[in-house]
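*Asks:* Okay, predicted coordinates and the sequence, questions at the end:
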Amino acid sequence: MHNEFEPACRRMEWLDPFYKAVWEKAFEKAIPISGTFELTPRCNFNCRMCYVHLKNDEIPHYGRELTAKEWLRIAEEAKQAGTTWLCITGGEPILHPEFPEIWEKLSQMGFFLTLQSNASLISGKIADLLEKYPPRRVKVTLYGADDDIYESVCGVKNGFSRVNDGIHTLMSLGIPVSLVSTIIRQNQEAVQKMAYYAYRHRLQWVPTTRVRASLRGGDTDVTGLRVNEMQEKHRCKEIQRRIREKDFFDPKRKPCTYCKDYRVGYWVLWDGNMRFCSFLDKPDISVRELSFQEAWKQLLVYEEALEWPDQCKECSAKNVCFKCIATLATESGSIDRVPEKHCNAIRNLYEKNKGKVNEDEL
């Protein structure tokens, strides 16, 4: 069934034609060409919207962090299975107790490495390490443009100053930097300043208003965080666009077929579980206990078996609802249920806009 759907790489207009051909072949043969290693749930920031961060004394209640030896064993097997692109993230990955060893050895294995970090710890020995073993890119989370906003969002003093120093250190080393921002009520007034910061430094910037509750033990309370009016505006525009362009969802498609990592990518979480989505609390496929190849095979089986909840298949707005399985799960608490509040909002927007196209076309 998977071959009925185009791979996500065909929609990646920015991707080099050579690499696009590589990704197409990986999709065809289900080669895990792209991976993410979530080294740790530790972080030196305490961002309000984080779905991963655990305090040090909470970690043993949820699992055990993989050691450098375990990560490197998984990496060797992933490389043999076809992994070429590898993102290293957390929490704050630099806080893994053995981060320098992990980073050096992964670099020497020849992966195309991306580091995702808040950049506040990129100085001294870490800067020296990245200079010696530079990543293809560092994706920096930017949550404001001054220290006051960072204190409100991330719960730390001098947060922006430290992040800014880290960004400039990376730029001075010639390491490409891009910025990603989650917009919540506590930093929505700083959006223009963040945009200007990116423009002034000539850095790619990707903002999002998407805030998801945590299914993985984090204490994220989305109440009071979401910029509801911005999300409502985006939803309305998206539904109008889909109706106008007749860009409809196919309700027969399985959830994972909409994910860019379908058949080509995976996450290995800090506790050693392999999943296709970092927001979910399923499946529990342990790469600590299984070989990488066996875990990947089980993940593919899980992806193919995953279905939308029955309510989705019967919903009047099913053709225009821009959902993913993580949205449903984090809103409702389970991949098997729908969040009534979220679904009612989508249906109401659809009812307001469906007159723009003939009903029988929907």
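*Replies:* Structure received. Residues are numbered from 1 along each chain as shown.

*Asks:* mind checking pLDDT for residue 323?
*Replies:* At residue 323, the predicted lDDT confidence score is 75.

*Asks:* What sits closest to it if chain neighbours are left out?
*Replies:* Nearest in space to residue 323, with sequence neighbours left out and distances taken as Cβ to Cβ, 6 or more residues apart in numbering, is residue 312 at 7.3 Å. Placement of C-beta: from N, CA and C, glycine included.

*Asks:* Assumed that neighbour was part of a strand.
*Replies:* No: using DSSP: H, G, I helix; E, B strand; the rest coil, the assignment for residue 312 is helix, not a strand.

*Asks:* Now do it: how many residues are near it, please.
*Replies:* For residue 312, the count of nearby residues is 19 (other Cβ atoms under 10 Å).

*Asks:* again, but for the one 4 residues further on
*Replies:* Residue 316 has 13 neighbouring residues, counting by other Cβ under 10 Å.

*Asks:* any idea how far residue 298 is from it?
*Replies:* Between residue 316 and residue 298 the distance, using Cβ to Cβ, to the nearest Å, works out to 36 Å.

*Asks:* How much space separates the residue nearest to residue 98 when sequence neighbours are not counted from residue 101?
*Replies:* With Cβ to Cβ, 6+ apart as the measure, residue 68 is the residue that lies nearest to residue 98, at 3.7 Å, once sequence neighbours are left out. In this view, residue 68 and residue 101 are 5 Å apart by Cβ to Cβ.

*Asks:* And residue 274, by the same measure?
*Replies:* 22 Å.

*Asks:* Compare the two and say which is more crowded by neighbours.
*Replies:* Between residue 274 and residue 101, counted using other Cβ under 10 Å, residue 274 has the larger neighbour count: 26 against 16.

*Asks:* What strands line up against the strand or helix carrying the more buried one, and which way round?
*Replies:* With secondary structure defined by DSSP states H and E, residue 274 is part of strand 273-275. Here strand 273-275 is paired, per DSSP bridges, with strand 265-268 (antiparallel), strand 285-286 (antiparallel).

*Asks:* Just say helix, strand or coil for the closest residue to residue 277 other than its chain neighbours.
*Replies:* The shortest distance from residue 277 to any residue other than its chain neighbours is 5.1 Å, reached at residue 326 (Cβ to Cβ, 6+ apart). Using three-state DSSP, the structure places residue 326 in helix.

*Asks:* do the one 4 residues further on as well
*Replies:* Local secondary structure at residue 330 is given as helix here, using three-state DSSP.

*Asks:* ok, for it, nearest residue in space, not its chain neighbours?
*Replies:* Once flanking residues are discounted, residue 330 sits nearest to residue 212: 4.1 Å by Cβ to Cβ, 6+ apart.

*Asks:* what about the one you found, how many neighbours?
*Replies:* Counted with other Cβ under 10 Å, the neighbours of residue 212 add up to 18.

*Asks:* One more: residue 61?
*Replies:* Close neighbours of residue 61, defined as other Cβ under 10 Å, add up to 8.

*Asks:* Apart from its chain neighbours, what residue comes closest to it?
*Replies:* Counting by Cβ to Cβ, 6+ apart, residue 61 lies nearest to residue 217, which is 7.6 Å off, once chain neighbours are set aside.

*Asks:* how far away is the one you found from residue 266?
*Replies:* Using Cβ to Cβ, one obtains 21 Å as the distance from residue 217 to residue 266.

*Asks:* Could you verify my assumption that the residue nearest to residue 277 touches residue 275?
*Replies:* No: with contact defined as Cβ atoms under 8 Å, residue 326 does not count as touching residue 275 (10.3 Å).

*Asks:* What are the buried residues along the top helix by length along the chain?
*Replies:* Among all segments of the chain classified by DSSP state H, the helix with the greatest residue count is helix 228-245. By neighbour count on 16 or more other Cβ atoms under 10 Å, the buried set for helix 228-245 is 235, 238-239, 242-243.

*Asks:* Take those and lay them out in JSON lines including pLDDT.
*Replies:* Listed next are these as JSON lines, based on pLDDT from 0 to 100:
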{"residue": "235", "pLDDT": "74"}
{"residue": "238", "pLDDT": "78"}
{"residue": "239", "pLDDT": "79"}
{"residue": "242", "pLDDT": "77"}
{"residue": "243", "pLDDT": "78"}
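
*Asks:* What is the nearest of the residues you listed to residue 198?
*Replies:* Top of the list for closeness to residue 198, among these and by Cβ to Cβ, is residue 238 at 23.6 Å.

*Asks:* residues in contact with residue 37?
*Replies:* Listed by Cβ atoms under 8 Å, 6 or more residues apart in numbering, the contact set of residue 37 reads 71, 74-75, 86-89, 268.
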